[in-house]
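Asks: just the structure for this:
(one chain, ligands or ions: 1)
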Amino acid sequence: MPSVIAVTGASGRIGGRVAERLAAQGEDVRLLGRNPARLPKIAGARVGPAAAYGDGEAMRTACTGAKTLFLVSAHESRGRVREHMTAVDAAVAAGVERLVYVSFLNAAPDATFTFARDHWHTEEYIRASNLRYTFLRDSFYLDSLPRMAGADGVIRGPGGAGRVSAVAHDDIADSAVGVLLGEGHDSATYDLTGPSAITLAEAADELTLITGRTISYVTESEDEAYASRSVYGAESWEVAGWVTSYEAIASGEMATVSDSVPKLAGHPAQSFAQFLRENPESYAHLIP
Ligand SMILES: NC(=O)c1ccc[n+]([C@@H]2O[C@H](COP(=O)([O-])OP(=O)(O)OC[C@H]3O[C@@H](n4cnc5c(N)ncnc54)[C@H](OP(=O)(O)O)[C@@H]3O)[C@@H](O)[C@H]2O)c1
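Replies: Model prediction:
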């Protein structure tokens with residue numbers, strides 16, 4: 001009898017893929033999310049009770065009986081670290097033994113990308129728990145690159161000439177399954193990246209090739225970046241996350257390339273060009 005693996009974020013792109021793959025291999029998977037109505041229908045997987053990370057009691061109930069918890073990070077918010085801490089405490093209280101957390105590349109307390117700091121604080125909290133743990137530090141998602149281009153076909157941001165080793169959701173999910181079903185991953189931290197790191201100008205060139213429309217990259221100063229994003233009326237912490245995501249590319253913090261995807265997933269990581277060829281919906285908004 002396989003032991004229960006509880007998969008959070010199962011209504012989302014990473015968690016959904018992981019749950020699907022585990023269920024296809026006959027694992028006993030419990031799908032978790034804040035709203036069971038949003039969870040996918042996966043043959044062989046069971047649906048757990050609704051649980052937001054910040055609701056300790058609901059999370060404890062949702063995790064009870066599970067030996068392993070796959071923890072996808074919460075949507076960004078001011079209180080995200082606190083939510084993660086509550087979820088970790090609930091997992092411990094429920095008797096979970098092992099936690100696999102989806103963190104972020106080069107997570108650090110002073111990471112340029114402000115949202116990456118949340119991941120470092122969450123990792124620290126998990127390290128201090130009595131759980132067996134593995135951290136999967138993924139790079140930016142490959143599908144976020146086409147979305148950087150506006151309706152005018154221009155990627156604008158303070159990314160300078162820096163490089164980003166963006167990675168596909170499918171590769172993260174395959175790697176996560178390798179860890180969840182494998183041995184010897186306790187206390188390990190894996191950087192999950194694409195096969196190379198590209199500049200935003202190179203990303204624009206790939207988009208030009210595939211769309212047949214000129215897509216360009218214009219580097220902004222920090223002041224220009226804050227000004228161009230002020231029109232959205234978002235809160236300052238959120239705008240800082242958007243702007244610093246580009247600044248992390250400029251700083252070199254997103255240029256790390258690792259061989260963890262091939263090692264854990266058992267196949268090469270997808271390049272941006274390959275991703276675009278296989279996922280035409282990712283750039284459909286750029287085609288007039
Ligand atoms: N590496 C990157 O480029 C990048 C980019 C964007 C975000 N991220 C981070 O990576 C995470 C996973 O990415 P993804 O593509 O799978 O995102 P996604 O498709 O938006 O899915 C996020 C999942 O997390 C769940 N969730 C969010 N906040 C929660 C909370 N407070 N409590 C419980 N469940 C919560 C959502 O469930 P519900 O059905 O309850 O909403 C959803 O299933 C994101 O949540 C974000 O933290 C990374």
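Asks: quick check: residues of this protein near the ligand?
Replies: Within the chain, the positions lying close to the ligand (Cβ under 6 Å from any ligand atom) are 8-9, 11-15, 33-35, 38, 52-54, 72-75, 83, 138, 140-141, 144. To be clear about C-beta, it is placed using only N, CA and C from the backbone, and glycine gets the same treatment.
Asks: emit the ChimeraX select command for whichever of the residues you listed are buried.
Replies: Selecting only the buried entries of the residues of the chain next to the ligand in ChimeraX, with 16 or more other Cβ atoms under 10 Å as the criterion:
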select :8,9,11,12,14,15,33,34,52,53,54,72,73,74,83,138,140,141
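Asks: by proximity to the ligand, which residue of the stretch 1-150 of the chain wins?
Replies: Nearest to the ligand, among the residues of the stretch 1-150 of the chain, is Gly12, at 2.0 Å (Cβ to the nearest ligand atom).
Asks: contacting residues around the closest residue in space to that residue that isn't next to it in sequence?
Replies: Counting by Cβ to Cβ, 6 or more residues apart in numbering, Gly12 lies nearest to Val72, which is 6.4 Å off, once chain neighbours are set aside. Contact analysis of Val72 by Cβ atoms under 8 Å, 6 or more residues apart in numbering lists 8-9, 12, 14-15, 102.
Asks: same question, Arg137
Replies: With contact set as Cβ under 8 Å, 6+ apart, Arg137 has these partners: 103-107, 119, 189-192.
Asks: any chance of the contacts of Val72 in TSV, plus pLDDT and secondary structure?
Replies: Output for the contacts of Val72, formatted as TSV (pLDDT from 0 to 100; DSSP: H, G, I helix; E, B strand; the rest coil):
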residue	pLDDT	secondary structure
Thr8	98	coil
Gly9	98	coil
Gly12	98	coil
Ile14	98	helix
Gly15	98	helix
Val102	98	strand
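Asks: distance of Gly44 from Val179?
Replies: 20 Å (Cβ to Cβ, to the nearest Å).
Asks: my read: Gly157 touches Tyr246, true?
Replies: Yes - between Gly157 and Tyr246 there is a contact under Cβ atoms under 8 Å: 3.4 Å.
Asks: those two: which is more packed in?
Replies: More crowded of Gly157 and Tyr246, by other Cβ atoms under 10 Å: Tyr246, with 26 against 22.
Asks: tell me the secondary structure for the more buried one?
Replies: helix (DSSP: H, G, I helix; E, B strand; the rest coil).
Asks: re earlier: more neighbours, Gly44 and Val179?
Replies: Between Gly44 and Val179, counting by other Cβ under 10 Å, Val179 is the more crowded of the two (22 against 14).
Asks: where's Ala255, which helix or strand?
Replies: Under DSSP states H and E, no helix or strand contains Ala255.
Asks: let me know how buried it is, in neighbour terms.
Replies: Other residues close to Ala255 by other Cβ under 10 Å number 20.
Asks: swap in Ala234?
Replies: Ala234: 13 neighbours (other Cβ under 10 Å).
Asks: who are the neighbours in contact with it?
Replies: So Ala234 contacts Trp242 (Cβ under 8 Å, 6+ apart).
Asks: separation between it and the ligand?
Replies: Computed with Cβ to the nearest ligand atom, to the nearest Å, the distance linking Ala234 and the ligand is 15 Å.
Asks: now do the residue nearest to Gly12 against Phe104, distance only.
Replies: 12 Å.
Asks: what segments of this protein are helices?
Replies: 13-24, 56-63, 80-94, 114-127, 144-147, 169-181, 200-211, 222-229, 236-251, 260-265, 272-278 (DSSP state H).
Asks: need those helices in JSON lines (columns: distance to Gly48).
Replies: Formatted as JSON lines, these follow (distance: least, Cβ to Cβ, whole Å):
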{"stretch": "helix 13-24", "distance to Gly48": "11"}
{"stretch": "helix 56-63", "distance to Gly48": "5"}
{"stretch": "helix 80-94", "distance to Gly48": "11"}
{"stretch": "helix 114-127", "distance to Gly48": "21"}
{"stretch": "helix 144-147", "distance to Gly48": "29"}
{"stretch": "helix 169-181", "distance to Gly48": "17"}
{"stretch": "helix 200-211", "distance to Gly48": "38"}
{"stretch": "helix 222-229", "distance to Gly48": "37"}
{"stretch": "helix 236-251", "distance to Gly48": "29"}
{"stretch": "helix 260-265", "distance to Gly48": "26"}
{"stretch": "helix 272-278", "distance to Gly48": "31"}
